[in-house]
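**Student:** Structure, please.
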Amino acid sequence: MSGWAVTGLTGLVLLAACTPDDPATVASGQSTAAPAPSTAASTSPSPTDEDKAKQDALTAYRAMWEDFVQAGTTSDWQSPKLGNHATGLALTNLSRGLYADHYNGLVTKGQPILNPTVSSAEPAGDPVKIIVSDCGDSSNWLKYRADNGQLADDEPGGRHAINAIVEKQADGSWKVTDYGVHDAGTC
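**Tutor:** Below you'll find the model as predicted:
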């Protein structure tokens, strides 16, 4: 059993609604437009608002999972860190997953491997909503019994398709507002 806090219907809706653009272009954050010719010394162009939003959304997504990993080591479903990078349904699902583990005497050990990319950004130019697609690997992030340290079951982790909505908050921060984790082997 992997460490993901799995959601059902939400993830299926997100998967159906998201069609990734060219991952190489999206993941690199590079603009395809050529820089204007200049006679002055070449300097790196400043990132556009859209590029910055994409980076901020990916940072928030990764940080949400890191907060969850840390809380999972003790199944601390009340960890105040969970709300640093997640809100709404995402925060509810993280907390519920940890509460279920706490109730069942389980903790999570290890670290997932994330590989997120931006699938879409709305509105174009100055986004406030970013859709993130990922293929997270939980092979080294598994559940253990808290009382004896033994694996909770003999189910290996694996690669899970993950879709997330990351939105700009009123204070300017970015937080994951919803996500869906699919079964192992879905990517």
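**Student:** how far is stretch 58-69 from where the chain is centred?
**Tutor:** Stretch 58-69 sits 6 Å away from the centroid of its parent chain (Cα atoms, centre = their mean, to the nearest Å).
**Student:** Sorry, slip of the keys, the one I care about is stretch 138-148.
**Tutor:** Counting by Cα atoms, centre = their mean, stretch 138-148 comes out at 20 Å from the chain centroid.
**Student:** Rounded mean pLDDT for stretch 107-126, please.
**Tutor:** What stretch 107-126 shows for mean pLDDT is 96.
**Student:** Enumerate the positions of it that are buried.
**Tutor:** 107-108, 110, 112, 114, 116-121 (16 or more other Cβ atoms under 10 Å). Yep, even glycine has a C-beta here, placed from its N, CA and C like the rest.
**Student:** same thing with stretch 141-158?
**Tutor:** 141-144, 152, 157.
**Student:** mind listing the strands for the chain?
**Tutor:** 106-110, 117-122, 129-137, 141-145, 159-168, 174-184 (DSSP state E).
**Student:** Compare those strands and give me the one nearest residue 65.
**Tutor:** Ranking those by proximity to residue 65 (Cβ to Cβ) places strand 129-137 first, at 7.7 Å.
**Student:** which other helices and strands contact the closest one?
**Tutor:** Under the contact criterion of 3 or more Cβ pairs under 8 Å, 6 or more residues apart in numbering; DSSP states H and E, strand 129-137 touches helix 49-72, strand 117-122, strand 159-168.
**Student:** need the ones you listed in JSON lines with distance to residue 136, can you?
**Tutor:** Converted to JSON lines, the helices and strands packed on strand 129-137 look like this (distance: least, Cβ to Cβ, whole Å):
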{"stretch": "helix 49-72", "distance to residue 136": "8"}
{"stretch": "strand 117-122", "distance to residue 136": "12"}
{"stretch": "strand 159-168", "distance to residue 136": "5"}
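**Student:** and these, which is most packed in?
**Tutor:** Highest mean neighbour count of the helices and strands packed on strand 129-137: strand 159-168, a mean of 24 (counted as mean count of other Cβ atoms under 10 Å).
**Student:** so how far is that one off the chain centroid?
**Tutor:** With Cα atoms, centre = their mean, you get 5 Å for strand 159-168.
**Student:** Kindly export it (C-alpha atoms) in CSV.
**Tutor:** What follows is strand 159-168 as a C-alpha-only set of coordinates in CSV (Å, rounded to 0.1, in the frame of the first residue of the first chain):
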residue,chain,number,x,y,z
ARG,A,159,3.6,4.7,-10.5
HIS,A,160,0.3,6.7,-10.1
ALA,A,161,-1.2,9.2,-12.4
ILE,A,162,-2.0,12.3,-10.3
ASN,A,163,-3.9,15.5,-11.4
ALA,A,164,-4.1,18.6,-9.2
ILE,A,165,-5.7,22.0,-9.3
VAL,A,166,-3.5,24.7,-7.9
GLU,A,167,-5.0,28.1,-7.4
LYS,A,168,-3.8,31.6,-6.6
